[in-house]
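Engineer: below are the sequence and a predicted model for it; my questions follow.
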Amino acid sequence: MRKLKYIELLEPFYKAPFFTIEEAAKHGVPRHALAYLEKRGDLERIYPGAYRFSEYEPEVEFQWENLGLVASSIPESVICLISALVFYGLTDQVMREIWLAMPHKSHPPKRPNTRIVRMRNIDLGKTHISLGEYRVQIFDRERCIIDAFRYLSKEIAIKALQRYFQSKDAKPDLKKLGVYAKKLRVNITPYILSCTT
């Protein structure tokens, strides 16, 4: 009977993509009760310290579910590099792990198959998108291009720049690209010239 009471107390989270141990505790559900409900099959643990109801049906497209879940579980994170390039269709790379940028002085929590990159200027080019029910932050296309030259191989970066100029979805913004390159101290002028002449 006591266990059923815990299920009732967790009712506000029934349609939530996830909830934390701390949030459950505020509703009067202790940690050991969550472990019991997980063992019983009512809940699933999605990463250490977070659960959701087993019957939960994500609204997000399958390919973006893990990205949305992990990025939204670390609110100050920004989707970057390979993950962002894949999202924008600027690379042929496969997203084997989730790439997230974090403020340089932060101490992010660990997540499975996630690569955290500490960056300065984290607000530059940061924008918000929705991946199904997840509201997350991602760098815009121009910041992704510049960061590709900073952190990834030249081959990946040049391919991303080429696709950026070939894209039919969004018009290239040379001015913004130039501003970002200057602020982040990346000389991509020769590559832009080779892509546009």
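Structural biologist: Perfect, I can see it now.

Engineer: and the chain, what are its domains?
Structural biologist: According to automatic domain parsing, the chain comprises the domains 2-53, 73-196.

Engineer: now those domains in CSV, with distance to Gln63 and mean neighbour count?
Structural biologist: In this view, the C-beta of every residue, glycine as well, is placed from N, C-alpha and C. Formatted as CSV, those follow (distance: least, CB to CB, whole Å; neighbours: other CB atoms under 10 Å):
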stretch, distance to Gln63, mean neighbour count
domain 2-53, 16, 15
domain 73-196, 9, 17
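
Engineer: closest to Glu61 out of these?
Structural biologist: Among the domains of the chain, domain 73-196 comes nearest to Glu61, with 6.8 Å by CB to CB.

Engineer: how about the nearest residue to Asp140, chain neighbours excluded?
Structural biologist: Gly125 (4.6 Å; CB to CB, 6 or more residues apart in numbering).

Engineer: the one you found touches Ala181, doesn't it?
Structural biologist: No. Using CB atoms under 8 Å, Gly125 is not in contact with Ala181, being 11.4 Å away.

Engineer: mind listing the helices for this structure?
Structural biologist: Using DSSP state H, the helices of the chain run over residues 2-9, 21-26, 31-40, 62-73, 81-88, 141-151, 154-166, 174-183, 189-196.

Engineer: could you save those helices as TSV and add columns showing mean pLDDT and distance to Gly49?
Structural biologist: Output for the helices of the chain, formatted as TSV (pLDDT from 0 to 100; distance: least, CB to CB, whole Å):
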stretch	mean pLDDT	distance to Gly49
helix 2-9	78	17
helix 21-26	93	5
helix 31-40	91	9
helix 62-73	91	9
helix 81-88	96	22
helix 141-151	96	29
helix 154-166	93	34
helix 174-183	92	35
helix 189-196	77	43
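
Engineer: can you add distance to Glu97 and give those back as TSV?
Structural biologist: Listed next are those as TSV, based on distance: least, CB to CB, whole Å:
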stretch	distance to Glu97
helix 2-9	34
helix 21-26	25
helix 31-40	25
helix 62-73	10
helix 81-88	8
helix 141-151	14
helix 154-166	15
helix 174-183	25
helix 189-196	26
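
Engineer: for Pro190, see how far away the closest residue to Leu81 other than its chain neighbours is.
Structural biologist: Nearest residue to Leu81, sequence neighbours excluded (CB to CB, 6+ apart): Trp99, at 4.2 Å. Distance, Trp99 to Pro190, by CB to CB, to the nearest Å: 26 Å.

Engineer: give me the distance between Ile129 and Glu44.
Structural biologist: 25 Å.

Engineer: and if you look at Tyr191?
Structural biologist: Relative to Glu44, Tyr191 is positioned 45 Å away (CB to CB).

Engineer: repeat for Ser106
Structural biologist: Counting by CB to CB - Ser106 and Glu44 are separated by 28 Å.

Engineer: ditto for Pro112
Structural biologist: 14 Å.

Engineer: how about Glu11?
Structural biologist: Per CB to CB, Glu11 is found 17 Å from Glu44.

Engineer: and for the nearest residue to Leu131 once chain neighbours are set aside, the neighbour number?
Structural biologist: In this structure, Leu131 finds its nearest non-sequential neighbour in Gly68, 3.5 Å apart by CB to CB, 6+ apart. When neighbours are counted by other CB atoms under 10 Å, Gly68 registers 24.
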